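Chemist: Here is the input, now give the coordinates:
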Amino acid sequence: MINISIKHTHIKLISIVIVSTLFVSCVYFNTFYNAKLFFSEAEKLRAEKEGEFLGNTVTEKYKKVIEKSDIVINNYPDSKYLDDALYLKGRSHFYRREYDLAETSFKTLLSTNSIDYQILSEYWLALIKWKSDKQQPALDDLNQIISKTKNKELLAQIYQSQAEILLELNQDLEAVSALEKAAELTKNRQDKGQIYYRLADLAYGIQNYERAIDYYKNVIKYSFSNERIMEANLKIVQRYRDLNDLNRASKEIQSMLIDPEFSTIHGDLELELAKLKLTQNDNKTATQILDHIVIKYPNTETAAEAFYLLGEQSLLKNRDFVKADYFYKQIQREASKSIFNDNGQKRINELNRYQKSKDFLKEIDKKTSISDTLSGVVDIQNIDTAKVVLELYNLGELEAFHFNQIDTSIIYFNRIINDFPESDLDAKAIYALSHLFEQLGDSNKSSKYQELIINNYPESEYADHIRLSNRFKDYGISGFALLASAENLYSANSDSALIEYKKIADLSNSETAKRALFFVANEYDYQLFDPDSAYKYYEQITVRFPESEQAKIAKVRLKYLNYNKIKVSGSKTN
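Modeler: Take a look at the predicted model:
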């Protein structure tokens, strides 16, 4: 009877141990299962971001992975899920940009001598080096790992990582080569589609449009996303336009416009057709298409861009400023986040500036009885000539460099140099004329205005720029050349360089003199700690170049130095 009782107790204890063991196993399995679940959710969200900032939702998911993994690692160090938990934890820290913690996890994983995670840990440690601004060591480590594995998916992943690092190092061609290897190796169709999309963007960036088209065709072949496929088809049309293969581009557009499968991008295709017509100088047909787009696709990015193009047509081709202003203002109303809003607003501001200048000069012309031919001798009594010159230059600048009307701009600049030769903008206007005639291919007139600069304003920044073009070597030493010489001397002998900078600062009020003067003031202020000398040169800047950016800084430093001087004097008195 006693033996039966002992036997029953023994069986009961064994049962308790088994149940307890099963319970513990279930606990850490469930914990690890939850970690994997959170990781899977985080990875899905991260993939959707495609390189963008992850945001709180995603990083919080990774945080939960870390918390669940820590339970397994700390409470059940002998479990079979330890290595898996360390791996998930390390990757989660990495994506949260907690690189030191990620490094600790992967090094711990390496120390477990896990065959499954040996190479993977080395791979992630290489990525951590990259993120720690050690690009070349990271590339070296990745190259070593490539020689250690035949796993095609891992190799594809490594080549993708190499490409990202190479892009940071501005080695675009090498990055393209690495991505091509990745695309060839991976069997994951979605990854292939994403890699080819990246390759297409890179090829476009280096203006290899033929390769870009080939890559986009592979995007269409491998992508699951219909949106991405539609985008790739649209990009192919754009690249044909870039290649000036307008017939092929037109055929592609017409083919997709009659196919319901591409109905989601019909608006974009019509916009491409309008751009194609603009390229062919068929402005009338282009305008008709754009007018159709803004009616058929209201409140869209497509309509916003169409309004921008209509504005450009009205401004640059038709010179209808009223219509142009209307079209530019419609961009914001169609799509508040359109990338063309900034450009449209710039145009609106330019048109406002243009109209204000025209209105001002119209009133002046009335007062001085100047004909509308923009010529004649001006009676400068009782008018603000500086304002007149400023508005004339504003019109010339807008016409030449914003509205593509060089001939009209030349009239305004000539009026400045003919009617106001003593103005502060005379040299700038002459220089603008030399540049414009060079653009027009009239080298004789361009040279004439350049010589005028050299003769009348030899110490100006414009004269320096002309000299540096090596066309006027016989006109003496450039101020910029003197400045460059002083800069080179500074690295060898700062005292001698300071003397040279002072010589340049003593030249007439040129750009180089201003720069040299500012350097001398800074040298005394921050390097030689001579406040009196610094004060002297800062003060010269404010007197000789009162409207310059250097003068603004100098005024701040003068206040500071003056305050310190008073403070020191007060402490000595006490």
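
Chemist: how close does residue 169 get to residue 138?
Modeler: 11 Å (Cβ to Cβ, to the nearest Å). In this view, the C-beta of every residue, glycine as well, is placed from N, C-alpha and C.

Chemist: quick one: which of these two has more around it?
Modeler: Between residue 169 and residue 138, counted using other Cβ atoms under 10 Å, the more crowded position is residue 138 (22 against 12).

Chemist: which residues touch the more buried one?
Modeler: 126-127, 129-130, 165 (Cβ atoms under 8 Å, 6 or more residues apart in numbering).

Chemist: so for the helix or strand where it lies, what's the average pLDDT?
Modeler: Per DSSP states H and E, residue 138 falls inside helix 135-146. For helix 135-146, the mean per-residue pLDDT is 94.

Chemist: the helices in the stretch 451-574 of the chain, which residues?
Modeler: 461-468, 479-492, 494-505, 511-522, 531-544, 549-573 (DSSP state H, counting those that start in this stretch).

Chemist: so where's the protein shaky on pLDDT?
Modeler: Residues of the chain that meet the criterion pLDDT under 70 lie in 1-29, 49-53, 369-382, 468-494, 507-510, 566-574.

Chemist: From the centroid of it, which residue is nearest?
Modeler: Among the residues of the chain, the one closest to the centroid is residue 205, at 13.0 Å (Cα atoms, centre = their mean).

Chemist: Could you double-check that it lies in contact with residue 175?
Modeler: No - Residue 205 sits out of contact with residue 175 when judged by Cβ atoms under 8 Å, with a separation of 10.4 Å.

Chemist: now the helices of the stretch 451-574 of the chain in a markdown table, with distance to residue 270 and mean neighbour count?
Modeler: Below are the helices of the stretch 451-574 of the chain laid out as a markdown table (distance: least, Cβ to Cβ, whole Å; neighbours: other Cβ atoms under 10 Å):
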| stretch | distance to residue 270 | mean neighbour count |
| --- | --- | --- |
| helix 461-468 | 46 | 20 |
| helix 479-492 | 51 | 16 |
| helix 494-505 | 59 | 17 |
| helix 511-522 | 50 | 22 |
| helix 531-544 | 57 | 18 |
| helix 549-573 | 47 | 13 |
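
Chemist: Please render those as a markdown table that adds distance to residue 358 to the earlier fields.
Modeler: Putting those into a markdown table (distance: least, Cβ to Cβ, whole Å) gives the following:
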| stretch | distance to residue 358 |
| --- | --- |
| helix 461-468 | 27 |
| helix 479-492 | 37 |
| helix 494-505 | 41 |
| helix 511-522 | 31 |
| helix 531-544 | 35 |
| helix 549-573 | 30 |
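
Chemist: List just the one of those that sits closest to residue 55.
Modeler: Closest to residue 55 of these, according to Cβ to Cβ: helix 549-573, at 38.8 Å.

Chemist: my guess is residue 406 contacts residue 397, does it?
Modeler: No - contact criterion Cβ under 8 Å: residue 406 and residue 397 do not qualify, at 11.6 Å.

Chemist: More neighbours: which of those two?
Modeler: Set residue 406 next to residue 397 and count neighbours by other Cβ under 10 Å: residue 397 wins out with 20 against 15.
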